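Participant: structure for the following, please:
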Amino acid sequence: MCTVVIRVPESAAEPTRVLAIRDEDPERPWNPLGRWWPEPHDGVVGVRDVRAGGAWLAADPTSGRLAVLLNRADETSRPESELQSRGGIVLDAVAGRSPADEPPTHGFNLVEVDGPRARVITWDGVSLRTTELEPGTHMIAHDDVDDAGTARIARWLDDFRTSPVADEERWWMPWLGVLERSAELAPTDDGAIIRDNRPHGYPTLSLLACVASVWADGVDLHYGELARPGQWGGLELA
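Facilitator: Next up is the predicted model:
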């Protein structure tokens, strides 16, 4: 149950700011931020799922596009044999191909950033819908955008909204300060952002985070891993 915080700018001259925290099974291998995909995704940088070959998060710096995928519950009636990995959706998105019709996957929230514009595409196994994000700060997890019924959003969205994001090299530090404060909660708490989801029936823990600034003509992307899955202890982003 990953978490994304995104600040959409008022002006197209300003970047979209993104903080994405990945929850995954620590036993499922991944490649850190890098260029892992040959043609037709040459030049794309992202975090690669080793097992399926797709991406959790990816960006095309030349086009100013970034996408990150969060799992969500679905109501699909398709058998597992007909379903595909969701990681390919992220690579398609940064190539300018958004999901359409009825994706043959489990449910997802796909955050798409195209320079100063951003949207969330939601698939619940029945319907596909798009939410355009207005200027301001938003938070997405396993349900809807800014969903007050999601405990971590209800608890921390206002803190992210009121934390300044300066136009400086390490603009993300106030947001990491919110993460540090949130870690006063136990990682099994519904309101926690850095999470241990095993008591909730999922084998996933918070493992890593990326921050990004996305302009119409470029993406500045940084990556860092937690020293211990599901525990804060600080985060160095390089």
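Participant: how about the strands in this protein?
Facilitator: Counting by DSSP state E, one finds strands in the chain at the ranges 3-8, 16-24, 30-34, 45-49, 55-60, 65-71, 108-114, 117-123, 128-132, 136-140, 205-215, 218-225.
Participant: any chance of these in a markdown table, plus mean neighbour count and distance to Gly88?
Facilitator: C-beta coordinates here come from the backbone N, C-alpha and C atoms, glycine included. Formatted as a markdown table, these follow (neighbours: other C-beta atoms under 10 Å; distance: least, C-beta to C-beta, whole Å):
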| stretch | mean neighbour count | distance to Gly88 |
| --- | --- | --- |
| strand 3-8 | 24 | 19 |
| strand 16-24 | 23 | 17 |
| strand 30-34 | 15 | 15 |
| strand 45-49 | 25 | 10 |
| strand 55-60 | 26 | 8 |
| strand 65-71 | 25 | 10 |
| strand 108-114 | 24 | 11 |
| strand 117-123 | 20 | 13 |
| strand 128-132 | 13 | 16 |
| strand 136-140 | 21 | 20 |
| strand 205-215 | 23 | 19 |
| strand 218-225 | 18 | 20 |
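Participant: mind putting those strands in CSV, distance to Ala95 and mean pLDDT included?
Facilitator: As requested, these are exported to CSV (distance: least, C-beta to C-beta, whole Å; pLDDT from 0 to 100):
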stretch, distance to Ala95, mean pLDDT
strand 3-8, 20, 98
strand 16-24, 18, 98
strand 30-34, 18, 98
strand 45-49, 12, 97
strand 55-60, 7, 97
strand 65-71, 8, 97
strand 108-114, 11, 97
strand 117-123, 15, 97
strand 128-132, 18, 97
strand 136-140, 22, 98
strand 205-215, 15, 98
strand 218-225, 14, 97
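Participant: CSV for those, including distance to Asp92?
Facilitator: Formatted as CSV, these follow (distance: least, C-beta to C-beta, whole Å):
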stretch, distance to Asp92
strand 3-8, 18
strand 16-24, 18
strand 30-34, 19
strand 45-49, 12
strand 55-60, 10
strand 65-71, 8
strand 108-114, 10
strand 117-123, 11
strand 128-132, 14
strand 136-140, 19
strand 205-215, 18
strand 218-225, 17
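Participant: and those strands: which comes nearest Thr150?
Facilitator: Thr150 lies closest to strand 136-140 among these, at 8.2 Å (C-beta to C-beta).
Participant: restricting to C-alpha, output the closest one in PDB.
Facilitator: The C-alpha trace of strand 136-140 is given here as PDB (Å, rounded to 0.1, in the frame of the first residue of the first chain):
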ATOM      1  CA  GLY A 136      -2.200  22.300  -4.700                       C
ATOM      2  CA  THR A 137      -0.900  19.400  -2.600                       C
ATOM      3  CA  HIS A 138      -2.600  16.000  -2.800                       C
ATOM      4  CA  MET A 139      -2.100  12.600  -1.300                       C
ATOM      5  CA  ILE A 140      -2.900   9.200  -2.800                       C
END
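Participant: next one: that strand to chain centre, how far?
Facilitator: With C-alpha atoms, centre = their mean, to the nearest Å as the basis, strand 136-140 stands 12 Å off its chain's centre.
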